[in-house]
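*Asks:* What follows is a predicted structure for the sequence shown.
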Amino acid sequence: MITADHLTKKYRKKVAVDDVSFVIETGKVTGFLGPNGAGKSTTMRLMLGLDAGQGNTTYDGKKLSSYAKPSEIVGILLEAKAFHPTRTARSHLKVLAAAGSIPDSRVDEVLDIVGLKEVGKKRPGKFSLGMSQRLGIAAALLGKPKYLMLDEPANGLDPEGIAWLRQFIKDYADAGNAVFVSSHLLSEMSQMADNLVVIGQGKLIASTTVDALVKGSGHSGVFVRTLRRTELELGLKNAGYKFVKQGQGLNVTGVKTDDVGKLAFKVGVPLLELTQQTASLEQAFLELTADSEEYKAQGGEK
Amino acid sequence: MLSALKAEFRKIFSVRSTYVIFALSIVLTGVFAFYVDGLRAGDTVHDPGKMAGEVVNAVNALVTLIALFGVLLVTHEYRYNTIMYTLTSSKSRTRVFVAKIIAISVVAILLSLFFSVLSPSFAYIGLKLKGLNLVHQVIPYHDLLWRVVFTGWAFSMLALIIALIIRNQIGSVASLFLIPGTIEALLGLILKNNVAYLPFTATLGVIQHSSEHHLLSYSHEAIIAAVYVVVGWIIAWMLFLRRDAN
């Protein structure tokens, strides 16, 4: 288990990460979401001790620096192009292997895992973004770490690569490890993450399971449509249900279709539509971070 | 510690720039020692200190190129962001810091020795090819040996310290070329003989006196340079521990 405790990072007057605490459970994939500039990368760097800041991060109760071989505890991919362009892919990994006291034989294993064995002797300066990501993933896997910390690992990967990465991450976590992964691909995240940590403007917005986040969204609930909406609204209010107007109907949250159906029958309102709605992760995410987007595109008015 | 050291050596010997700088150093030695001081030598064959002078010239000329190894070892890490791997692979930043110092010390000393042998050898071959014979040479081996080793090492350490403080590759390389040759030379106009107390001037003063009057002995110049190196290490180490790794 990784425990991030009161992480804070300030750049002069700007607070990039503001008292963020969360837990990453072993055996699970934890997604890390937030708008651009929310502080995701800075949080990861704080967790690894790369940036100076306040707060603590422990890996199974101990600081990363207290382990004899930190590479066996956490493997990182924070930037796809983090390699010297004239050092061959294999040499790059051999340097990292030496630094982490990892045998050189592991280099060929990880190159094979990420599908780069054929280009191991090539200089990665001209690698595509997808190949660079694979090399970064290989670097993260070198020490067979218990924890993987991946920042936008799917960037630049082709569809086959994304599918491979998704399955790989899930399998890695299932093997008793933990993966902490940030991504802007919410559909991917919804398919692979068990838990989510959401931050916005440096602050923790949510640390929960994907299911809880989606169910708690205003877009989840029961959609009900009737010609006698005012009467139904009154009945819902009296029953203490929460609802919002949605098109020609109402979206009632925190209830099941049965509850709304029974209530409508009780107040004598005929229904035209009664549907269970489940929000997408994207809807839930946008709803959560609506107030914390630092960089927003302006509307397309002409 | 050994793993960090092994990684630093692998970093040095797995990039193209290492071989480019090494090749350039050999070419320069060939041009100046073999061609200028050998094939085109004139009356200097009667100088009993010619071979010792070749050693001094080689170190003076190549010490900046040798120091580039240290500058590039550090600045490549920040330029290509591999520093994040380096720091997260090690138990402590101090180990990484010490490993870099040891690796560059070894490279600097070995290269200084190599070129201080290669340069007089090239000059000797050049003279022989021209059919000239040297007069009996007086070579103070022990004195030259420690001065070559110290100058090569201290100059590289000062360059490494600059790189660790600045971290930017262009800024560090520019500083390496500007501070010893231009900035300290300009300061010399104000400081006169006291220029010998400046870091690079003191370091180079160990291989060749920094003033015509020989106000300071080689060992005094070495002590001044060593003080700069130690103070520089402390400043660079403190910054290395505290700063964000980017």
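*Replies:* Ah, there it is.

*Asks:* Around A:Lys62, how many other residues sit close by?
*Replies:* 10 (other CB atoms under 10 Å in any protein chain shown). C-beta here means a position set from N, CA and C on the backbone, and glycine is covered the same way.

*Asks:* in the sheet, who's paired with it?
*Replies:* A:Tyr59 (DSSP bridges).

*Asks:* Any stretches of chain B with poor pLDDT?
*Replies:* Counting by pLDDT under 70, chain B contains low-confidence ranges at B:210-214.

*Asks:* Next, please give the residue ranges for the helices of it.
*Replies:* B:2-13, B:16-29, B:50-79, B:83-89, B:93-130, B:141-166, B:169-178, B:184-191, B:199-207, B:218-242 (DSSP state H).

*Asks:* Deepest-packed of these, please.
*Replies:* Each of the helices of chain B was scored by mean neighbour count; the highest is helix B:199-207, a mean of 25, by mean count of other CB atoms under 10 Å in any protein chain shown.

*Asks:* how about the helices of chain B in a markdown table, adding distance to A:Lys9?
*Replies:* Converted to a markdown table, the helices of chain B look like this (distance: least, CB to CB, whole Å):
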| stretch | distance to A:Lys9 |
| --- | --- |
| helix B:2-13 | 27 |
| helix B:16-29 | 34 |
| helix B:50-79 | 19 |
| helix B:83-89 | 16 |
| helix B:93-130 | 18 |
| helix B:141-166 | 23 |
| helix B:169-178 | 25 |
| helix B:184-191 | 39 |
| helix B:199-207 | 35 |
| helix B:218-242 | 14 |
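
*Asks:* Out of those helices, the one nearest A:Tyr147 is which?
*Replies:* Nearest of these to A:Tyr147, taken as CB to CB: helix B:83-89 at 11.3 Å.

*Asks:* so what does that closest one touch, helix or strand wise?
*Replies:* Applying 3 or more CB pairs under 8 Å, 6 or more residues apart in numbering or on different chains; DSSP states H and E, we find helix B:83-89 packed against helix A:40-48, strand A:74-77, helix A:89-99, helix B:93-130.

*Asks:* In a markdown table: those, plus distance to A:Ala239.
*Replies:* What follows is the helices and strands packed on helix B:83-89, written out as a markdown table (distance: least, CB to CB, whole Å):
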| stretch | distance to A:Ala239 |
| --- | --- |
| helix A:40-48 | 41 |
| strand A:74-77 | 50 |
| helix A:89-99 | 61 |
| helix B:93-130 | 61 |
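
*Asks:* Give me the neighbour count for A:Gly268.
*Replies:* 10.

*Asks:* Near chain B, which residues of the stretch 101-250 of chain A are found?
*Replies:* A:Ser101, A:Ala139 (CB under 8 Å from any CB of the partner chain).

*Asks:* Low-confidence regions, the stretch 101-250 of chain A specifically.
*Replies:* A:217-219.

*Asks:* Quick check: closest non-adjacent residue to residue 121.
*Replies:* With no chain named, the answer covers chain A. Excluding its sequence neighbours, the residue lying closest to A:Lys121 (CB to CB, 6 or more residues apart in numbering or on different chains) is A:Thr88, at 5.4 Å.

*Asks:* um, chain B though
*Replies:* Spatial nearest neighbour of B:Ser121, excluding adjacent residues (CB to CB, 6+ apart): B:Ala33 at 8.0 Å.

*Asks:* pretty sure the one you found contacts B:Ser116?
*Replies:* No: at 10.7 Å, B:Ala33 does not count as touching B:Ser116 under the criterion of CB atoms under 8 Å.

*Asks:* Just give the nearest non-adjacent residue to the residue positioned nearest the centre of chain B, would you?
*Replies:* Centroid-nearest residue in chain B: B:Val63, 3.3 Å away (criterion: CA atoms, centre = their mean). Leaving out its chain neighbours, the residue that sits closest to B:Val63 by CB to CB, 6+ apart is B:Phe155, at 4.5 Å.
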